[in-house]
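Peer 1: The sequence isn't on hand, but the structure is:
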């Protein structure tokens with residue numbers, strides 16, 4: 001089989017009702033869930049399926065890797081600040097627990 005972006009090309013059957021099941025590895029890689037919508041485009045003899053929602057997590061945009069929330073809305077300053085503060089608090093707790101462990105030794 002030929003590799004494309006780290007995945008193998010796969011053959012999937014079309015059932016009598018015209019349905020195609022996306023393999024689990026594809027659904028997981030693209031974070032598809034039941035009920036998600038796909039845009040269908042026909043290009044010559046190819047059928048292109050494109051998710052209507054963004055995949056969340058680190059994704060490649062052009063030459064850069066960016067973090068996407070998977071939502072159309074951008075994070076506001078309050079949400080970013082809450083996330084920063086939560087991360088700082090977790091780091092402080094980790095550091096203090098490490099210091100307490102060192103003192104016990």
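Peer 2: Arrived safely, thanks for sending. Note that the coordinates shown come from a computational prediction; the quantities given were computed from them, not determined experimentally.
Peer 1: what does the domain assignment say about this structure?
Peer 2: Per the record, the chain has its domains at 1-70, 75-105, by automatic domain parsing.
Peer 1: Could you export those to a markdown table, including columns for mean pLDDT and mean neighbour count?
Peer 2: All C-beta atoms are positioned from the backbone trio N, CA, C, and that covers glycine. Supplementary listing: these in a markdown table, determined by pLDDT from 0 to 100; neighbours: other CB atoms under 10 Å:
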| stretch | mean pLDDT | mean neighbour count |
| --- | --- | --- |
| domain 1-70 | 79 | 10 |
| domain 75-105 | 78 | 10 |
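Peer 1: For residue 66, what are phi and psi?
Peer 2: Main-chain dihedrals, residue 66, degrees, to the nearest 10: phi -130, psi 160.
Peer 1: and it, how far is that from residue 15?
Peer 2: 38 Å (CB to CB, to the nearest Å).
Peer 1: I'd guess residue 79 is in a helix, am I close?
Peer 2: Yes. Checked against DSSP: H, G, I helix; E, B strand; the rest coil, residue 79 lies within a helix.
Peer 1: The protein: helices as residue ranges?
Peer 2: Counting by DSSP state H, the chain has these helices, from start to end: 24-29, 77-104.
Peer 1: Which other helices and strands does the last one contact?
Peer 2: The reference is to helix 77-104. Contacts defined by 3 or more CB pairs under 8 Å, 6 or more residues apart in numbering; DSSP states H and E place helix 77-104 against no helix or strand at all.
Peer 1: if we can go back for a sec, in CSV, list the helices of the chain along with distance to residue 39.
Peer 2: As requested, the helices of the chain are exported to CSV (distance: least, CB to CB, whole Å):
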stretch, distance to residue 39
helix 24-29, 16
helix 77-104, 28
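Peer 1: out of those helices, which comes closest to residue 10?
Peer 2: helix 24-29 (7.7 Å; CB to CB).
Peer 1: wait, residue 23 sits on residue 9?
Peer 2: No. Under the criterion of CB atoms under 8 Å, residue 23 is not in contact with residue 9, lying 11.2 Å apart.
Peer 1: if we can go back for a sec, nearest to residue 37, of the helices of the chain?
Peer 2: Judged by CB to CB, the one of the helices of the chain that comes nearest to residue 37 is helix 24-29, at 13.9 Å.
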